[in-house]
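K.L.:
This is a predicted model, with the sequence first.
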Amino acid sequence: MTKLEKLLLSVTAVFFVLALALLPRGGSAGRLTEPAWTEPGPPADTTSVEDTLVVTLRQDIDINRADARTLTALPGVGPALAEAIVAYRTEHGPFSTLTELLLVDGFGAATLEGIRQAAEP
């Protein structure tokens, strides 16, 4: 084997070692993978809907922190009722249960039931 052949063989070996070192680990190099999808399960805790003031619909809505526009995402809550909720909360402080929403002028039992049903898993 000539010096040139030995040199080319050495350079090739170094190239392959470097190429292997740069490949991602885990055996998925060069492959596209589908994102994992899991079916939603039961909530992690057993807190009842009445005990929490965060209603989970497509987004979490905290009754005590949400602005009027966000509150309109709740079932049965339009702009006027959302403003009334914010005004009541500002005047009387945070709600401690969902049932306290019945104290807001214009907020009825049907609206409360709709929110509860929407929040159930």
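P.N.:
Looks like it came in fine.

K.L.:
And the strands in this protein, which stretches?
P.N.:
54-56, 60-62 (DSSP state E).

K.L.:
Now the last one: buried residues?
P.N.:
Meaning strand 60-62. The neighbour-count criterion (16 or more other C-beta atoms under 10 Å) identifies Ile61 as the buried residues of strand 60-62. C-beta coordinates here come from the backbone N, C-alpha and C atoms, glycine included.

K.L.:
So what are the sheet partners of it and their directions?
P.N.:
When pairing is defined by DSSP bridges, strand 60-62 lines up against strand 54-56 (antiparallel).

K.L.:
where in this protein is pLDDT low?
P.N.:
Along the chain, the model assigns pLDDT under 70 to residues 16-59, 121.

K.L.:
make it 50
P.N.:
27-41, 43, 45-52, 57 (pLDDT under 50).

K.L.:
Now do the helices in it.
P.N.:
Taking DSSP state H to define them, one finds helices in the chain at 3-22, 68-71, 79-92, 109-119.
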